[in-house]
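Engineer: sequence and predicted structure, then a few things I'm wondering about:
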Amino acid sequence: MTMTEKFKILGKYIKDISGETPDAETYIFVRDRISKYQLDIDITSKALKNKMIEINTKCKFHDKEENKKKAYFEIIYSTIIRVNDEIRDKKELEKIILCDTQIEIYPALEKSLLDLLHNSGYPNIKFEKKIDFESLYKQKFN
C-alpha cells in the first residue's frame, strides 16, 4: 500500500497564529539572540465522522532561557485527513498522524512560521535543522 492510498489530505489551514514582541527594547534584545531560540512541535488529533481526523500541529518558537525580554511565536496548523477503510491498526494510524501527514504538510507550515518571523522584524532567521518526523516517531514508540 502506498502512502497516498493510506490517507488523503482533505484540507489544511492555519488555525491560529501569533507573534509577540512586546516593545522596542525587547525587539533589540531578541534580534541579537533569536538564533538561540528553539522550535517545539506538539501534535494532537481528534477523530471526526466518516474516517476523518483533524490533526493540529502546534509549533512554538521561543526562548527557553530565563530572560525577562522575550518574543514569542506560535502557529497551530490544522490538517483534515480521511483514512483509508483498510487501516484498522492503531500503530499504523499513529504513524499516519505523527509522521506521514507531518512530512507532507511541514514545508507549508515551516514557510508560514518563517513568514511570521520575517514579517515580525527578524529577517535573517532560518531553520537549519530539518525535522525528522520518522525518527521522532520511532523515538516515541521504541
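Structural biologist: Nice, thanks for sending it over.
Engineer: and stretch 5-12, which residues are buried?
Structural biologist: 6-7, 12 (16 or more other C-beta atoms under 10 Å). All C-beta spots, glycine's among them, are computed from the backbone N, C-alpha and C.
Engineer: cool, and stretch 11-21?
Structural biologist: 12, 19, 21.
Engineer: do stretch 125-132 as well
Structural biologist: Buried-residue list, stretch 125-132, by 16+ other C-beta under 10 Å: 125, 131.
Engineer: ok, the residue of the chain positioned farthest from its centre - contacts?
Structural biologist: Taking C-alpha atoms, centre = their mean, the residue of the chain most remote from its mean C-alpha position is residue 25, at 28.6 Å. Counting by C-beta atoms under 8 Å, 6 or more residues apart in numbering, residue 25 touches residue 69.
Engineer: just checking: what are the partner strands of the top strand by length along the chain?
Structural biologist: Ordering each strand of the chain by length in residues (DSSP state E) puts strand 7-20 first. Strand pairing for strand 7-20, using DSSP bridges, gives strand 72-83 (antiparallel).
Engineer: now residue 63: closest residue in space that isn't a chain neighbour?
Structural biologist: Using C-beta to C-beta, 6 or more residues apart in numbering and skipping residues adjacent in sequence, the residue nearest residue 63 is residue 70, 4.9 Å away.
Engineer: helix, strand or coil: sort out that neighbour for me.
Structural biologist: coil (DSSP: H, G, I helix; E, B strand; the rest coil).
Engineer: and it, how far is that from residue 84?
Structural biologist: Distance, residue 70 to residue 84, using C-beta to C-beta, to the nearest Å: 44 Å.
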